[in-house]
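Colleague: Here you go, sequence then predicted model.
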Amino acid sequence: MASAAEAAAVVARLAPVLKTRLEEQGSLRLFDEVEMPLVPVLAEIERNGFSLNVSTLETLSKELERELDRMMDTIARLAGQEFNINSPRQLATVLFEKLQLKPIRKTKTGYSTDEETLTQLATQHELPAQILSYRGLSKLKSTYVDALPMLVHRETGRLHTSLNQTVAATGRLSSTEPNLQNIPVKGEYGLRIREAFVAPPGHSLLCADYSQIEPRILAHLSRDERLVRVFEQAEDIHSATAMEIFNKPADQITRDMRRVAKTVVFGILYGISPFGLASTLGVPQPEAKKYIDAYFQRYAGVKAFIDRTIEEAKQRGYVTTILGRRRPIPELASSDQTQRSFGERMAVNSPIQGSAADLIKLAMIGVSRRLRTELPSTKMILQVHDELIFETPAKDLEQAKRLVKSEMEATGEHLNLSVPLKVDLGVGANWRAAHP
DNA sequence: CCCTTCACG
DNA sequence: ACGTACGTGAAGGGT
């Protein structure tokens, strides 16, 4: 961990270089109003750190050890031999040569044994399902349960990540050593890992996340009237979308229709194709195409935005976010169709993902500024793309909730967004309990 | 050092 | 006819 003085020296040295580069490419507002002011905020988050209950993880580690040992025996019995389960190559030999299961698809180096493949193979043999369970636990143990305690700082007793502002092509932050932006949130063991991220005695964790931030940004960028109205009026965005796609009233929307609608919206954000949607939904491609067509018929402004964005990107060679961040997309000029399609998906997704990144960065600056004078004991300790996490003393909790929610939501108004923003709050003694 | 896999938004 | 969802970081295997 660098000292504040060292950090300031690095900033002073790099600032003129970055500034010149950004002047040349026209993103000076972004640089002056967001990226530079964010630097001390990021430094403070890194310095604050996150408190980790190491003994929770040590207990969990022993439990996982026993569980993995048991599974290793079962796997060896089913395979008829011992082998290294963590080696995709050895696993492929067992599955596809020894047991003669049918390969689903290839990687560059051999037959794939990824989750999707093993799930399909599970209909033919008992072994693949066991491998999946083993892999799941093994991942959690090595990447989180055993690795995190070693990164606790010996002076502060806390975990101090590095937040990088110059890595992600869209303008998102990234987090390293440790990456605190990919801590598990699903499954029994995943949730128990989150329980190890705690607030110190007398404090609470406060989590604030933007609800549906990317669809809202899409509504703003496209100005699609129907989509804007959804965010002004609807209480359940995905059900509202399902009503449009399936042309049915609220009382006829099933859970499955809602799930389809949710997946379609995600698909739009990522630069959809019938193939991609079909494989995610597990439906035939023509059916996926029907959903996409229905969506675009109802939200014609979204379709127009996508076409306009790709067209402009091809002409200029780059796309931009609400604050003017540019992402060059040279793939759009490729002679290779696959590369061009890839470029088109990036052209659609980057303004959305990147504008959401601009927005939360601005919010971080605003929240940080107000906390400094109004609630100096409340500390910002992490950002995870659409959420901010704080550590706050019990006596400040109610005030902190109000301040954080209002400042994060007001950021949308500062940017003159054409949709309202909604922030959900959660409070608890640990990250699992505090997750909204 | 690259590849595969998988954790998150 | 062809390959395809967007953005990251870390661990383990194997060359």
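Modeller: Thanks, I have the structure now.
Colleague: Stretch A:167-177: end-to-end distance?
Modeller: Start and end residues of stretch A:167-177 are separated by 14 Å (C-alpha to C-alpha, to the nearest Å).
Colleague: Is DNA strand C within reach of it?
Modeller: Yes - counting by C-beta under 7 Å from any atom of the strand, contacts between stretch A:167-177 and DNA strand C involve A:167-170, A:172, A:174-177. Every C-beta, even on glycine, is put in place using the N, C-alpha and C of the backbone.
Colleague: which of those residues are buried?
Modeller: A:170, A:172, A:175 (16 or more other C-beta atoms under 10 Å).
Colleague: mind listing what the closest residue to the second one other than its chain neighbours touches?
Modeller: Distances taken as C-beta to C-beta, 6 or more residues apart in numbering place A:A357 nearest to A:R172, at 4.6 Å, with adjacent residues excluded. Contacts were defined as C-beta atoms under 8 Å, 6 or more residues apart in numbering; by that measure A:A357 touches A:168, A:170-173, A:321, A:385.
Colleague: Likewise for A:L415?
Modeller: Contacts of A:L415 by C-beta under 8 Å, 6+ apart are A:322, A:359, A:362.
Colleague: now do 10 Å
Modeller: Residues near A:L415 by C-beta atoms under 10 Å, 6 or more residues apart in numbering: A:220, A:322-323, A:355, A:358-359, A:362-363, A:421.
Colleague: I'd guessed A:R345 sits against A:I310; true?
Modeller: Yes - taking C-beta atoms under 10 Å as the definition, A:R345 is a contact partner of A:I310 at 9.4 Å.
Colleague: Which neighbours do the two have in common?
Modeller: The contact lists of A:R345 and A:I310 share A:271, A:329, where a contact means C-beta under 10 Å, 6+ apart.
Colleague: Rank the helices and strands of chain A by mean pLDDT and give me the bottom one.
Modeller: helix A:4-25 (a mean of 71; mean pLDDT, DSSP states H and E).
Colleague: Can you tell me which residue sits nearest the middle of chain A?
Modeller: Closest residue to the average C-alpha location of chain A: A:H385 at 6.0 Å, with C-alpha atoms, centre = their mean.
Colleague: So that one: helix, strand or coil?
Modeller: Using DSSP: H, G, I helix; E, B strand; the rest coil, the secondary structure recorded for A:H385 is coil.
Colleague: Give me the phi and psi for A:S51.
Modeller: Per-residue torsions, A:S51: phi -80, psi 130 (degrees, to the nearest 10).
Colleague: Can you check the pLDDT for it?
Modeller: Here the pLDDT value assigned to A:S51 is 98.
Colleague: Counting neighbours, what do you get for it?
Modeller: 20 (other C-beta atoms under 10 Å).
Colleague: Wait, it touches A:H203, no?
Modeller: Yes - with contact defined as C-beta under 10 Å, A:S51 counts as touching A:H203 (8.7 Å).
Colleague: Between these two, which contacts overlap?
Modeller: Common neighbours of A:S51 and A:H203 (C-beta under 10 Å, 6+ apart) are A:E391.
Colleague: Mind listing what's buried along the longest helix along chain A?
Modeller: Longest among the helix segments of chain A by residue count, using DSSP state H, is helix A:337-374. Buried residues in helix A:337-374, defined by neighbour count with 16+ other C-beta under 10 Å: A:340, A:342-368, A:371.
Colleague: Can that helix be said to contact DNA strand C?
Modeller: Yes - Helix A:337-374 comes into contact with DNA strand C (C-beta under 7 Å from any atom of the strand), by way of A:337-338, A:341-342, A:345-346, A:349-350, A:353.
Colleague: how far away is A:N164 from A:E46?
Modeller: Counting by C-beta to C-beta, to the nearest Å, the gap from A:N164 to A:E46 is 10 Å.
Colleague: anything in contact with each of the two?
Modeller: A:S175.
Colleague: Which residue, other than its chain neighbours, is closest to A:L277?
Modeller: Counting by C-beta to C-beta, 6+ apart, the residue nearest A:L277 is A:A288, at 4.0 Å.
Colleague: Quick check, pLDDT for that neighbour.
Modeller: Reported pLDDT for A:A288: 95.
Colleague: what do you get for A:D32?
Modeller: 85.
Colleague: residues in contact with A:E344?
Modeller: A:271, A:273, A:306, A:309-310, A:313-314, A:329, A:331-332.
Colleague: One more: A:A5?
Modeller: A:A5 neighbours (C-beta under 10 Å, 6+ apart): none.
Colleague: which bits of chain A sit near DNA strand B?
Modeller: With C-beta under 7 Å from any atom of the strand as the criterion, chain A meets DNA strand B at residues A:88, A:107-110, A:112-115, A:117-118, A:132, A:135-136, A:139-140, A:143, A:181-187, A:190, A:353, A:384-387.
Colleague: what about the closest residue to A:V230 other than its chain neighbours, neighbour count?
Modeller: Counting by C-beta to C-beta, 6+ apart, the nearest residue to A:V230 once its immediate chain neighbours are dropped is A:A240, at 4.9 Å. For A:A240, the neighbour count with other C-beta under 10 Å is 21.
Colleague: how far away is A:A240 from DNA strand C?
Modeller: As for A:A240, its distance to DNA strand C is 18 Å (criterion: C-beta to the nearest atom of the strand, to the nearest Å).
Colleague: quick one: which helix or strand includes that residue?
Modeller: Per DSSP states H and E: A:A240 is located in helix A:237-246.
Colleague: could you measure A:G267 against A:I217, distance?
Modeller: From A:G267 to A:I217 the distance is 16 Å (C-beta to C-beta).
Colleague: ok, the residue in chain A that DNA strand C sits nearest to - how many residues close by?
Modeller: Proximity of chain A to DNA strand C (C-beta to the nearest atom of the strand) peaks at A:G267, 2.4 Å away. By the criterion of other C-beta under 10 Å, A:G267 has 20 neighbours.
Colleague: If anything else comes up later, I'll come back, but that's it for now.
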